[in-house]
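Novice: curious how this folds, go ahead:
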Amino acid sequence: MLFRAQERSDVLLVSAMLLLLSFSGCSSMDVIVPTEINALNGTNVKISCQFNSCYKMDPSKFSMNWTYKEKTNSTEEMFMTYYSKKGIVPPHSLQYPDRFGDRVAFTGNLEIRDLSITLSDVQLEDQGFYTCSVKNPPDRNHGSAAIKLNVLTELTPPRDSTIAVAIGASVGGALALLILSMVVVKCLRRHRKQELMSEEKMEEEGKLETEGVAEEGTKQP
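Specialist: Numbers count the residues shown, from 1 in each chain. Prediction:
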């Protein structure tokens, strides 16, 4: 699931870059690949490669190849190529060490300039650098780009969010109680203030009534 999501994100990234290049104008050969891919040991992984050229692809002149090297300073091994008369040539037909056998397959589409491959049953020794190289005459520029493949023996365990959730719930509950307490205290104070005002008003009215009675008594003969 994790690697499928990564593949989708890589495809979206490559598509976005191709779209951007198409709007920005064409001045040279561009090969677009993800810089790094993670794959779980024993699973299948798609290694994406697309290119953008100023010229329409001519199958009779176009050429492409994939190479592998274990480290940056290692010797490259070609494991897939494209011939104008034979099309895509698999590894076992090349006069090179058959590193991958039938585990590698071309899964791109030349019509949309997609040169992607899929590596099946990934092994630990498959880790390394995969280079996608393209020639599309009459474009004089030769394009190539490398992808680093990391082979993992196990998935990174998901972060345990139980403690964080518990702490968040506790803090949230405490804040809720504090706010509720403040509201209750404010209401009680307001209610008490209204009672005091009512008592003061009643006392004031009582004083006025007493003074009025006293004035009436002094006026009588």
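Novice: tell me the contacts of Pro153?
Specialist: That one is not Pro; residue 153 is Thr. Contacts for Thr153 (CB atoms under 8 Å, 6 or more residues apart in numbering) come out as Leu40, Asn41, Leu124. Every residue, glycine included, has its C-beta placed from N, CA and C.
Novice: and what of Lys71?
Specialist: If you count contacts by CB under 8 Å, 6+ apart, then Lys71 has Gly128, Phe129 around it.
Novice: and it, helix, strand or coil?
Specialist: Classification of Lys71 using DSSP: H, G, I helix; E, B strand; the rest coil returns coil.
Novice: all helices of the chain, in order?
Specialist: With DSSP state H as the definition, the chain shows helices at residue ranges 2-24, 162-219.
Novice: mean pLDDT for those: which is lowest?
Specialist: Per-stretch mean pLDDT for the helices of the chain is lowest at helix 2-24 (a mean of 44).
Novice: report the buried members of the contacts of Thr153.
Specialist: The neighbour count (16 or more other CB atoms under 10 Å) marks nothing among the contacts of Thr153 as buried.
Novice: and the pLDDT at Pro138?
Specialist: At Pro138, pLDDT is 87.
Novice: before we move on, what about Ser84?
Specialist: 73.
Novice: residue contacts, it?
Specialist: Pro59, Ser60, Lys61, Phe62, Ser63.
Novice: do you know how far it is from Glu111?
Specialist: Separation of Ser84 from Glu111 (CB to CB, to the nearest Å) stands at 15 Å.
Novice: and for Asn141?
Specialist: Taken as CB to CB, the span from Asn141 to Glu111 is 21 Å.
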